[in-house]
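Novice: Below is the sequence, then the predicted model.
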Amino acid sequence: MAISSQTARNLGNKVLIRPNSQTKGIVSWLTTVDHKRLGIMYLVASFLFLFTATIESALIRTQLIRPDNNFLNPEVFNQMFTLHGVTMVFLAIMPMGTGFANFLVPLMIGARDLAFPRLNAFGFWIYIAGATLFYSSIFLGGAPNAGWFAYAPLTSLSANPGNGIDFYMIGLFLAGIGTLSTAMNIIVTIISMRAPGMTLWRMPMFIWMVLITMFLILFAFPPFTIALVQVIMDRTFGSLFYVPEQGGMPILWQHLFWIFGHPEVYIIILPAFGAISEVIPTFSRKPLSGYPIMVFSGMTIGFMGFAVWAHHMFTTGLGPYGEMAFAVTSFVIGVPTGAKIFNWVMTMWGGKIRLTTSMLFAIGFLVTFVMGGITGIMVAISPLDAQINSSYFLVAHFHYAMGGGALLGFMAGFYYWFPKFTGKMLSEKVGRFVFAFIAIGFHTVFFPQHFLGFLGMPRRIQTYADGYGFNTLNFISTMGSYIALTGALLLAYDIIKTMRSTDRKAPNDPWDARSLEWSIPSPPPVHDFDTTPVVTGQDTFWLEKYPQFKNISNKEEAEITKLSKESDKHGIHMPGASWWPLIAAVALFFGGYAVIYDNILLGLIMFGLLLFSVYAWAFEGVGGYYVKLDSDGGKQ
Amino acid sequence: MSLTSHGYRSSNMKDPKLMMWIFLASDCMFFGSLIGTYLVYRGRSLMGPYPQDVFNIPLTTISTFVLLMSSFLMVMALYYLRTNKIQSFRLATFGVIAFGSIFLGFQVFEFSHFAEQGLTLQRNLFGSTFYVLTGTHGIHVAIGVLWLVSLLIASYIRPMTSKDEVYLDVAALYWHFVDIVWIVIFTVVYLIEFI
């Protein structure tokens, strides 16, 4: 950094001692900039939130187990489905994708960290700050209760005078900053930090899907952030964006929300597509079928994802032409998605299939996601949508797409990469039961809800009267949620047991896999790669193991090897740990409370702290140390 | 593709500059949403003051001109740094800071003048959308000014050379972008009212 100077660095060191490679314990985790550690922290946090949201859904299902039930009163019920939705979408599944990306992107492209390691740490801490602030609402006067979509004017001060909505707005605003900064970071990493020979067309499919996802975040989050700011302005400073009495139009919120909200669906699902695209070829012992088609269909989904948002608003009176246009684009987006499904099936076709737990989840994903896709095409038919909008059919549809799609996909990836994350193998025997409980539980919850929707049961109702024919199907659905919860508990038990065991060591490459992350030890050393990888084609690690499949000229391979050798001469530089990302996130966290409680003094103090930490961050410089491979570890 | 002092890179653009381009792509959507909201609510205020009542085009034209000229100075600053003319670089950067501050001064004057005429954030939809849009732009300009002041001070602590060009380059990209956004705002918020 040009503006770093010795005096400023000394000043920074006096305020907080900068941790180095010798720092151990909790401080080393709080200040880490290592993409692997941050990836693991993302995954741990997202799994905890996933578990929380699963319990919330079990509570919701318990309330609906029989007619005229009053297990949760209406206000608590509203808070519960809001918490469940927000947690699943923003705090569990999306960060899970970021966690996988954080850990795996550098390993799969042959890099040693993200382009901006401290920014990466900041992204994680601000996500935790936003999530903590959001959940603190439970203890501070009640959680938000306007649904994960928070439609105006339900969020206006007159309709919702408590602080709950403020926690939603500020919490998601903070988490959104982290999502955006990490997305930018990962894009730069994928563009400029690939190993020699790793051309775009040799990148693993997971990397392609992450790249497309990050571009979606880049363009989808700003409209949502602006919408959040508008509501914060309305509630805190008395502006009139969503005040109908003054001419404000609540429908504007819906447009801004869904311009973000529909790409968000693909932000959640595309990393899962990427994980599936790594799992299926490995366990079929075949290269991924139709690689270029997979890339282009991913891009098409990305572009089209911004052209379908109003299909969430068919019943708001768009007019026949608007509805027609958005119905057509919604049908069209099914085509690239279908192409992907066919390619996965074609990859399995004629392959030597090994039914590991990971592969079982992948096959479960294919079946479940296709069902979610078909109901998706159904609700894209706008006249039909007018009938089933806001019914349980919708609930079934999007859970098949999100839960059955993204979640089962991530579970496949989780079982696949767990040895690389931790250096230990999860039990395949227990894994089969985990899969059975989760898959059977999932379908038992959501399959009956299709019929409940057709029978006319509306979503988001706290209870229903006897005699509508809802009773049996609701009972089955609730039983399913208990089965799925059992599966989640079993998984938690197996993870804890595996982590405490000493005899489940994972080899470098337990699955005979295809991409670079399997060429290094499990878990990877702090510097990832001893030497800069030489990439000779798609599935480069596979080609290293089975050179007979290589399809590269000797001249090109020699050039790439030379580049790699010359790159190694510069040594292995590890970025220095830093306190400032954490402190900046803490400042924004308390700044959020200052806005919620209109506390100007606290706001000013936190603004000062933020400004100070930004300058300290810039002036302390990248820092770090060089890893010497002949000794045991890094040396300052 | 190139070998740098940190080893092999698969892109020729330096990371900070690539990062800034990507950030600006995202920032387009931020301003797009704000300008979109302004246009959706245009002409829907239930009570005055309305845009035609308060806008002073000659005044805003002057402040727009000042901001545009600051972009010209920004180009000069970058040119001087690249050619290692550090004293001229400092002078040009100071000019950018001064012009940016003058623009902010105009904006403060304009806001207080509008408030005197009864246009507040809480008054009508025009007030809400106008202040949040131009306020967000003003914050961008203020951040740019703060950034350039920091770079200018840093250039005295540790003399900058053409090797540090990327840091000014990134700030310059940001500055030009903020400038371009103002051209759009000036057109669709101010000028459109008087066609």
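Specialist: Cool, the structure landed.

Novice: make it CA atoms for all contacts and neighbour counts henceforth
Specialist: Will do.

Novice: quick one: average pLDDT of the longest helix along chain B?
Specialist: Determined from DSSP state H, the single longest helix within chain B is helix B:125-157. The average pLDDT within helix B:125-157 is 95.

Novice: got it, and stretch A:76-95?
Specialist: The average pLDDT for stretch A:76-95 rounds to 95.

Novice: Out of the helices and strands in chain B, which is least certain?
Specialist: One helix or strand of chain B scores below all others by mean pLDDT, DSSP states H and E: strand B:2-4, with a mean of 69.

Novice: Can you name the next helix or strand after that strand?
Specialist: The C-terminal neighbour of strand B:2-4 among helices and strands, as given by DSSP states H and E, is strand B:7-9.

Novice: Specify the local secondary structure of whichever residue of the stretch 401-550 of chain A sits closest to chain B.
Specialist: Closest contact between the stretch 401-550 of chain A and chain B, by CA to the nearest CA, is at residue A:532 (8.9 Å). Classification of residue A:532 by DSSP: H, G, I helix; E, B strand; the rest coil places it in coil.

Novice: burial measure for it, as a count.
Specialist: Residues contacting residue A:532 under the criterion other CA atoms under 10 Å in any protein chain shown number 22.

Novice: Report the secondary structure element holding the residue nearest to it when sequence neighbours are not counted.
Specialist: Spatial nearest neighbour of residue A:532, excluding adjacent residues (CA to CA, 6 or more residues apart in numbering or on different chains): residue A:564 at 5.4 Å. Per DSSP H and E: residue A:564 is located in helix A:554-568.

Novice: circling back: surely the residue of the stretch 401-550 of chain A closest to chain B touches residue A:565?
Specialist: Yes - using CA atoms under 8 Å, residue A:532 is in contact with residue A:565, at 7.3 Å.

Novice: and residue A:549, how many neighbours does it have?
Specialist: Per other CA under 10 Å, the neighbour tally for residue A:549 reads 11.

Novice: can you list the residues of chain A near chain B?
Specialist: By CA under 8 Å from any CA of the partner chain, the residues of chain A that approach chain B are A:2-5, A:115, A:184-185, A:188, A:191-196, A:218-219, A:222-223, A:225-226, A:237-241, A:246-248, A:252, A:256, A:563-564, A:566-570, A:573.

Novice: SS state for residue A:66?
Specialist: When classified by three-state DSSP, residue A:66 comes out as coil.

Novice: try residue B:119
Specialist: Per three-state DSSP, residue B:119 ends up coil.

Novice: Could you check how many residues crowd around it?
Specialist: Neighbourhood size, residue B:119 [other CA under 10 Å]: 24.

Novice: cool, residue B:194 as well?
Specialist: Residues within reach of residue B:194, counting by other CA under 10 Å, total 9.

Novice: repeat for residue A:361
Specialist: 31.

Novice: Shouldn't it be within a helix?
Specialist: Yes - counting by three-state DSSP, residue A:361 falls inside a helix.

Novice: Poorly predicted segments of chain A, please.
Specialist: Applying pLDDT under 70 to chain A picks out residues A:1-16, A:630-636.

Novice: now chain B
Specialist: Chain B contains residues with pLDDT under 70 at B:1-3, B:5-6.

Novice: What ranges does it have for its helices?
Specialist: Taking DSSP H, the helices of chain B run over residues B:15-41, B:51-54, B:57-82, B:86-116, B:125-157, B:165-185.

Novice: So what touches the shortest one?
Specialist: In other words, helix B:51-54. Residues from elsewhere that reach helix B:51-54, judged by CA atoms under 8 Å, 6 or more residues apart in numbering or on different chains: B:114, B:117, B:126, B:190, B:193, B:194.

Novice: Relative to residue A:327, how far out is residue A:591?
Specialist: The gap separating residue A:591 from residue A:327 is 42 Å, by CA to CA, to the nearest Å.

Novice: Kindly apply the preceding question to residue B:39 instead.
Specialist: Taken as CA to CA, the span from residue B:39 to residue A:327 is 26 Å.

Novice: Would you mind telling me which of those two has the busier surroundings?
Specialist: Of the pair residue B:39 and residue A:327, residue A:327 is the one with more neighbours under other CA under 10 Å, namely 21 against 15.

Novice: Let me see the contact set for the more buried one.
Specialist: Contact partners of residue A:327, counting by CA under 8 Å, 6+ apart, are A:308, A:311, A:380, A:381, A:382.

Novice: What ranges does chain A have for its strands?
Specialist: Using DSSP state E, the strands of chain A run over residues A:572-574, A:625-627, A:634-635.

Novice: chain center to the second one, what's the gap?
Specialist: In terms of CA atoms, centre = their mean, to the nearest Å, the centre of strand A:625-627 is found 32 Å from the chain centre.

Novice: Pairing partners for that strand, with directions?
Specialist: Note on strand A:625-627: by DSSP bridges, its sheet partners are strand A:572-574 (antiparallel), strand A:634-635 (antiparallel).

Novice: contacting residues around the residue of the stretch 401-550 of chain A closest to chain B?
Specialist: Applying CA under 8 Å, 6+ apart to residue A:532 gives the contacts A:110, A:111, A:195, A:196, A:564, A:565, A:567, A:568.
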